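Chemist: I would like to see how this sequence folds:
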Amino acid sequence: MKFKHVLLAAFATSIGFGISGCSKQDKTASTAHSETKVVTLLTRDNPPYPQVVEYVRDKVKNQNIELKIKYANDGLIPNKSVAENEADLNYFQHNYYMQSAKELNNWDLVAIASTFNGMFGAYSPKYKNINDLPDKAKIVIPSDPSNGGRALNLLARAKLIELKPNTGAKTSLKDIVANPKKLRFLEVEHALVPVSFKDADLAIMAGAYTIHADLIPKRDSIFLEQDNQDYDSVLVSNSNAAQRAEVEIVKQAFIAEDTREFVLKNYADTVTWPKR
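Modeler: Here you go, the predicted model:
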């Protein structure tokens, strides 16, 4: 009887340890699962932005971070969402565009990382040389202040117009002081410049939009902007989200050398990414 009681006690103890062990494993698994941090990011369907985001998403999975990607149809929503804490990050714009939105709307926006530089150039469905543009040629440029000013500065560098001095990124049509060919300007939303391309004599746009007109900057541009780091594409957050550890990990994944190599390997005809 004593032996029987000892066996029963031992059996009960082993069951207890088994249950305890299972409970501990379940708790560990549950804890590991609960430690997954979610970071939300808004982008737009303009290569290589979504491709870079997806590449980073796959990398940070190994660090228990779920990068949730959402797509926006315009350039207002991503910045508004980040500024109002509806999203942690956005990735679709260059630094000047972000600064313009921040100043215009008094939004809480912070560029936390700089990445590639989208080639910005002039394209024509009719002419092979920018100097062949006729008098009163129709020029399509982006309507937002940062990219519109960028387009006008490009034309000034091509000697087609003259601008007031020191207007920089805030250059507008009113800053043109000489227009010898009497060029006619049409301002449209940047995303619509590729749509207007075939009906224009010249259209000016960033490399991220050229795919929508079946254009490749290195192959098809008749005049390209010189490298300017003020137009580097930026990862944008707000002052609160930027302090979170998981956002910092995502940021580091964006600026890592392997991410840079991925971009240059696949998109070298559209963007540059100099080591700054």
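Chemist: who's in contact with the residue nearest to G118 when sequence neighbours are not counted?
Modeler: With sequence-adjacent residues excluded and distances taken as C-beta to C-beta, 6 or more residues apart in numbering, G118 is closest to G207, at 4.1 Å. Backbone N, C-alpha and C define where each C-beta goes, glycine included. Applying C-beta atoms under 8 Å, 6 or more residues apart in numbering to G207 gives the contacts 118-121, 217, 270-271.
Chemist: Please give me every residue in contact with N46.
Modeler: Taking C-beta under 8 Å, 6+ apart, one finds 92, 191, 208-209, 211 in contact with N46.
Chemist: rerun that using 10 Å as the cut-off
Modeler: N46 makes contact with 92-93, 118, 190-191, 206-212 under the criterion C-beta atoms under 10 Å, 6 or more residues apart in numbering.
Chemist: ditto for N117
Modeler: Neighbours of N117 in contact, by C-beta under 10 Å, 6+ apart: 94, 206-207, 225, 227-233, 271-274, 276.
Chemist: Looking at the residues you listed, which are in helices?
Modeler: Residues from those lying in helices, with DSSP state H as the criterion: G207.
Chemist: Now, of the contacts of N117, which are buried?
Modeler: Buried positions within these, assessed by neighbour count (16 or more other C-beta atoms under 10 Å), are 94, 206-207, 225, 231-233, 271-273.
Chemist: Could you dump these into JSON lines with pLDDT and distance to V247 added?
Modeler: Output for the buried ones among the contacts of N117, formatted as JSON lines (pLDDT from 0 to 100; distance: C-beta to C-beta, whole Å):
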{"residue": "H94", "pLDDT": "95", "distance to V247": "20"}
{"residue": "A206", "pLDDT": "95", "distance to V247": "26"}
{"residue": "G207", "pLDDT": "92", "distance to V247": "27"}
{"residue": "E225", "pLDDT": "95", "distance to V247": "31"}
{"residue": "Y231", "pLDDT": "94", "distance to V247": "24"}
{"residue": "D232", "pLDDT": "96", "distance to V247": "19"}
{"residue": "S233", "pLDDT": "97", "distance to V247": "17"}
{"residue": "V271", "pLDDT": "95", "distance to V247": "24"}
{"residue": "T272", "pLDDT": "95", "distance to V247": "26"}
{"residue": "W273", "pLDDT": "96", "distance to V247": "22"}
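Chemist: And those, which is closest to I255?
Modeler: W273 (10.1 Å; C-beta to C-beta).
Chemist: Quick check: next helix or strand after the helix-or-strand element of the chain with minimal mean pLDDT?
Modeler: Using mean pLDDT, DSSP states H and E, the weakest-scoring helix or strand in the chain turns out to be helix 2-34, at a mean of 42. Where DSSP states H and E defines the elements, the next helix or strand beyond helix 2-34 is strand 37-43.
Chemist: pLDDT (mean, whole number) over that next one?
Modeler: If you average the pLDDT over strand 37-43, you get 98.
Chemist: For that strand, list the C-alpha coordinates in CSV.
Modeler: Taking C-alpha atoms only, strand 37-43 is exported to CSV below (Å, rounded to 0.1, in the frame of the first residue of the first chain):
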residue,chain,number,x,y,z
LYS,A,37,5.2,45.8,-32.0
VAL,A,38,3.1,47.3,-34.7
VAL,A,39,4.3,50.3,-36.7
THR,A,40,1.9,51.8,-39.3
LEU,A,41,3.2,53.5,-42.5
LEU,A,42,1.5,55.3,-45.4
THR,A,43,3.0,55.3,-48.8
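Chemist: which strands and helices sit next to the helix or strand following it?
Modeler: Once strand 37-43 ends, the next helix or strand along the chain (criterion: DSSP H and E) is helix 49-60. When contacts are defined as 3 or more C-beta pairs under 10 Å, 6 or more residues apart in numbering; DSSP states H and E, helix 49-60 sits against strand 37-43, strand 65-71, strand 89-94, strand 110-118, strand 232-237, helix 245-255, helix 257-267.
Chemist: Next, the angle from the second one to helix 49-60.
Modeler: Think strand 65-71. 170 degrees (axes from the mean of the first three to the mean of the last three C-alpha atoms, to 10 degrees).
Chemist: Now strand 65-71: buried residues?
Modeler: Neighbour count says strand 65-71 has 65, 67, 69 buried, by 16+ other C-beta under 10 Å.
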